[in-house]
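Undergrad: Show me how the following folds:
(one chain, ligands or ions: 1)
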Amino acid sequence: MATTHLKNYIDGRWVDSSSGDAFEDTDPANGDIIATATKSTTADVDKAVESARRAYDSWRLFPAPKRGEILYRAGAIMLDRKDDLAREMTLEMGKVLAESKGDVQEGIDMTYYIAGEGRRQFGDVVPAELPSKWAMSMRNPHGVIAAITPWNFPFAIPTWKIMPALILGNTVVFKPASYTPMLAVRLVEILEEAGLPKGVLNLVLGPGGALGDHLVQHPSVDLISFTGSSDTGAHISEIAGRLLKRVSAELGGKNAIVVLDDADVDLALDGIVWSAFGTSGQRCTAASRVIAHHGVANDLIDKLVGRAKKLRLGHGLESTTDVGPVVSKAAQDKVASYMPIAEKEGATIAAGGRVPTEGALAKGFFHEPTVLVDVKPNMRVAQEEIFGPVTSVIEVKSVDEAVKVLNNTKYGLSSSVYTRNINSAFRFMRDAETGIVYVNAGTIGAEIQLPFGGMKSTGNGHREAGRAALDVYSEWKSIYVDYSGKLQRAQMDADGGKAP
Ligand code: NDP
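TA: The predicted structure is shown next:
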């Protein structure tokens, strides 16, 4: 039975949607309803955007170091509540508790890191070419940001967007994924408690399909920051493009771990198991391909199949669980649908491949950790994002071929190489067409102080996290101050200027 009702947060007040309708927030491990959430309408979106617009002027003029102090307080509250937040996250979207704690910790890291930007946000002061003239650049906020987020990192990803947006003086309308309204509410509660003024952050719960276009098109929304599927990302970019609105899009991945013939195979195995089956394979950086040199392929496949078969499915709160459920029935069906597709194209299911149909597991959305072998680079399972606990092993004969196969996808998020040869490692670092590269580590495990994002169709060229995040949520303003008291013409009066 539902114990919690989750509401929108608009103009500093927790309110139900104007429709009065609600949707259920369920535990994907057993179908239990853990909360209900208000189901917003486009009228609620209007109210949230108007609230953010009203708050913008006073927030942008509030000194950035003071904004940073609010974020520091928010980080401290997150740390205090880490265990409770992680528990609710596991209940809401299924990943095992240790991973949920990692998700919250990433949010804390991001919040503290960005809080420090309250006293940085460096611009340039450069010499002017004319005498008695000052030249400098500074960051300027965009205005109102729409932050649209997925369910797989329901705490960390919203902090990647909301914290840099706020520190730079933007106000925000936050539309979280409908599978994870609870963690979104918890994040907003924390920022409210930390002292964020009313209207600066607004939360709208409800279906992206119905609210999304309205939010994206709203004339008072200046930038859309989106993380999610490629289809939705393309749809949003299309609408925003016509309106010449700024969009930051982080989309899908088809990441690969390359294991060369000089690799430490056991180390590579640890990386593969963690990267392919962690979060039930529902990370945008999950290793859904393993590219194995034929010198190590047989050994690697034998061991990988053995390890995958031993992984224990279960509720993410149980300490015996290695792999939790996928997020929904639709996700489970999608993963399962790839099994016949793989076999029809000539691949072999060497481990897993089934949906458990007995006992407690039958109540949730589980799929066995699956290893596909005999996979060729152009098969659908090697090209399409399955977003579940499935990895495909592709054999190659050389480093050249490994890099070619790695880059043979439309995505370009994360890649990894296991090798003891420094030349091969550097070559891989240079040639991998991915925004993130690991050497002797799996494809997951990014830290927030470096840019995060992908090449090619994984995104539209922007990066989250690190200093790069500041570039998404601000625009450069170049300022020239001429204190000579006379007309000085750049590129003309300085031309051939005499030395004093
Ligand atoms: P979706 O694209 O379905 O949803 C993402 C968000 O967009 C949700 O909040 C959703 O709302 C909303 N949305 C849906 N339709 C629209 C619309 N027409 N207009 C505006 N917003 C809309 O993705 P998933 O939630 O299924 O996330 C999984 C995907 O995200 C995977 O493909 C994964 O690779 C990618 N991802 C990428 C990451 C990266 O950094 N590159 C990180 C994490 C995930 P609602 O939930 O209500 O439908």
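
Undergrad: which regions of this structure sit below the pLDDT cut-off?
TA: Residue ranges of the chain with pLDDT under 70: 1-2, 495-500.

Undergrad: how does it divide into domains?
TA: 4-251+459-478, 255-439 (automatic domain parsing).

Undergrad: what separates the helix or strand encompassing E88 from the chain centre, distance-wise?
TA: Element membership for E88, per DSSP states H and E: helix 82-93. Put simply, helix 82-93 sits 18 Å off its chain's centre (C-alpha atoms, centre = their mean, to the nearest Å).

Undergrad: any residue of it up close to the ligand?
TA: No: with C-beta under 6 Å from any ligand atom as the criterion, the ligand is not reached by helix 82-93; the gap is at least 10.1 Å. For the C-beta atoms, the positions are set from N, CA and C on the backbone; glycine is no exception.

Undergrad: Three-state assignment for the residue most central in space within the chain, please.
TA: The centre of the chain sits closest to I157, judged by C-alpha atoms, centre = their mean, with a distance of 5.0 Å. Of the three states, I157 takes helix under DSSP: H, G, I helix; E, B strand; the rest coil.

Undergrad: do the same with Y72
TA: Per three-state DSSP, Y72 ends up helix.

Undergrad: separation between it and the ligand?
TA: The gap separating Y72 from the ligand is 26 Å, by C-beta to the nearest ligand atom, to the nearest Å.

Undergrad: got the residues of the chain near the ligand?
TA: 148-152, 175-178, 207-209, 212-213, 227-229, 232, 235-236, 250-253, 284, 385, 387, 413, 454, 458.

Undergrad: For the residue nearest to the centre of the chain, which non-adjacent residue is spatially closest?
TA: In space, I157 comes closest to T149 once its chain neighbours are excluded; the distance is 4.9 Å by C-beta to C-beta, 6 or more residues apart in numbering.

Undergrad: count of neighbours near K161?
TA: Neighbours of K161 under the rule other C-beta atoms under 10 Å: 26.

Undergrad: One more: R119?
TA: The local packing of R119 (other C-beta under 10 Å) involves 12 other residues.

Undergrad: before we move on, what about the one 4 residues further on?
TA: The burial count assigned to G123 is 15, neighbours taken as other C-beta under 10 Å.

Undergrad: who's in contact with the closest residue to A432 other than its chain neighbours?
TA: Nearest residue to A432, sequence neighbours excluded (C-beta to C-beta, 6+ apart): S415, at 4.5 Å. For S415, the contact set (C-beta atoms under 8 Å, 6 or more residues apart in numbering) comprises 255-258, 406, 428, 432, 434, 436-438, 443.

Undergrad: Shouldn't S415 be within a helix?
TA: No: according to three-state DSSP, S415 belongs to no helix; its state is strand.

Undergrad: Okay, and S392 sits in which element?
TA: For S392, the host element (DSSP H and E) is strand 390-396.

Undergrad: what's stretch 229-247 in contact with?
TA: 142, 148, 150, 208, 212-213, 216-217, 221-226, 249-252, 385, 457, 459-460.

Undergrad: meant to ask about stretch 45-53
TA: Contact partners of stretch 45-53, identified using C-beta under 8 Å, 6+ apart, comprise 8, 10-11, 143-144, 171-173, 198-204, 211, 214-215, 218, 220-221.
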